[in-house]
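Chemist: next come a sequence and a model predicted from it.
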Amino acid sequence: MAMLKEIKNLVAFLTIIPVGMDPDCLTGSANYMYLFPLVGAVIGLLAGLFAWLLLNILASLVVGILTLGFMLLLTGLHHTDGLLDFGDGIMYQGPPKKKIEIMHDQRTGAGGLALGLVTILATASCIAELNKNSIIQSLIAAEVSAKLAMVIMAWVGKSAHKGTSTYFVDAMHSQYRSLRLVGALFIAFGIAICLLRIVGFVAVIACLAVALVLVGVSNRHFKGVTGDVFGAGNELARLASLIAILVMIRWA
């Protein structure tokens, strides 16, 4: 029963699905962060079914754009907002503290606009390249990978300042941190490999690479990770996983 409550909190935290949010949703979500890939699988399944239905009546490029829009809407655009803020932060020339202030600014600068535009266009194009026979499996694997990236970043990184990210970083550095990591990896690799075999394996590896690179970039620019960095990791890891899937499919 307790597990179901925490899964509900995770769904409420990561999506706009109206399952109800408990007062301790943030703390509960942080403690069960290793289950993020499971919620990613649900998001990917819904997006995959949406895309599969649209492919019966619309051109693939339109399907790619609408499907990405559906995914962003389903997640409340929270991660996309983080991506834009991250782009502004890394482009600003100044000390880490000032960079973090820039990320918290409500306005979007050239850095955020450029990074967001490229990421969104590339992701929509990748979705458009998926065929009807594999689009559901591919979107599930990509979204599972995107959520795993955030888990990895919390496990490896340190919090740049007191904020939302602190709850997740602290939880992934607390007791049983190794088991939490193993659990998240087992879920992500298990789902991806069952759906796409070696292609799924490579998709998850791509997300791990993105997560580690972003932690390094964030340490350099912000002296740690923030909630916006997590959001950027989600969006960029999804893109990297989709690119890996397309490359593997064409190579095979």
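Modeler: On my side now, so go ahead. Numbering: from 1, shown residues only.
Chemist: quick one, helices of the stretch 101-250 of the chain?
Modeler: Secondary structure of the stretch 101-250 of the chain by DSSP state H, counting those that start in this stretch: the helices cover 110-129, 135-156, 164-172, 177-196, 198-222, 227-251.
Chemist: and the nearest residue to Ile187 once chain neighbours are set aside, how many neighbours?
Modeler: Once flanking residues are discounted, Ile187 sits nearest to Pro37: 4.5 Å by Cβ to Cβ, 6 or more residues apart in numbering. All C-beta atoms are positioned from the backbone trio N, CA, C, and that covers glycine. Per other Cβ atoms under 10 Å, the neighbour tally for Pro37 reads 29.
Chemist: wait, doesn't Pro37 sit right on Ile191?
Modeler: Yes. Between Pro37 and Ile191 there is a contact under Cβ atoms under 8 Å: 6.8 Å.
Chemist: any shared contact partners between these two?
Modeler: Among the neighbours of Pro37, those also in contact with Ile191 (Cβ atoms under 8 Å, 6 or more residues apart in numbering) are Val144.
Chemist: among the helices of the stretch 101-250 of the chain, show me which one is buried the most.
Modeler: helix 135-156 (a mean of 28; mean count of other Cβ atoms under 10 Å).
Chemist: check which helices and strands that one is in contact with.
Modeler: Other helices and strands packing on helix 135-156, by 3 or more Cβ pairs under 8 Å, 6 or more residues apart in numbering; DSSP states H and E, are helix 36-54, helix 60-74, helix 164-172, helix 177-196, helix 198-222, helix 227-251.
Chemist: quick one, which of the ones you listed is nearest to Gln137?
Modeler: Nearest to Gln137, of all the helices and strands packed on helix 135-156, is helix 177-196, at 4.1 Å by Cβ to Cβ.
Chemist: starting at the chain centroid, how far to the closest one?
Modeler: 15 Å (Cα atoms, centre = their mean, to the nearest Å).
Chemist: with just CA atoms, put it into CSV.
Modeler: Provided in CSV are the C-alpha atoms of helix 177-196 (Å, rounded to 0.1, in the frame of the first residue of the first chain):
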residue,chain,number,x,y,z
ARG,A,177,22.4,4.6,-2.2
SER,A,178,24.1,1.7,-4.1
LEU,A,179,20.9,-0.4,-4.0
ARG,A,180,18.9,2.6,-5.2
LEU,A,181,21.2,3.0,-8.2
VAL,A,182,21.1,-0.7,-9.0
GLY,A,183,17.3,-0.7,-8.8
ALA,A,184,17.1,2.2,-11.3
LEU,A,185,19.5,0.6,-13.7
PHE,A,186,17.8,-2.8,-13.5
ILE,A,187,14.4,-1.2,-14.3
ALA,A,188,15.7,0.9,-17.2
PHE,A,189,17.9,-1.8,-18.8
GLY,A,190,15.3,-4.4,-18.2
ILE,A,191,12.5,-2.5,-19.9
ALA,A,192,14.7,-1.2,-22.8
ILE,A,193,16.3,-4.6,-23.5
CYS,A,194,13.0,-6.5,-23.4
LEU,A,195,11.5,-4.0,-25.9
LEU,A,196,14.4,-3.4,-28.3
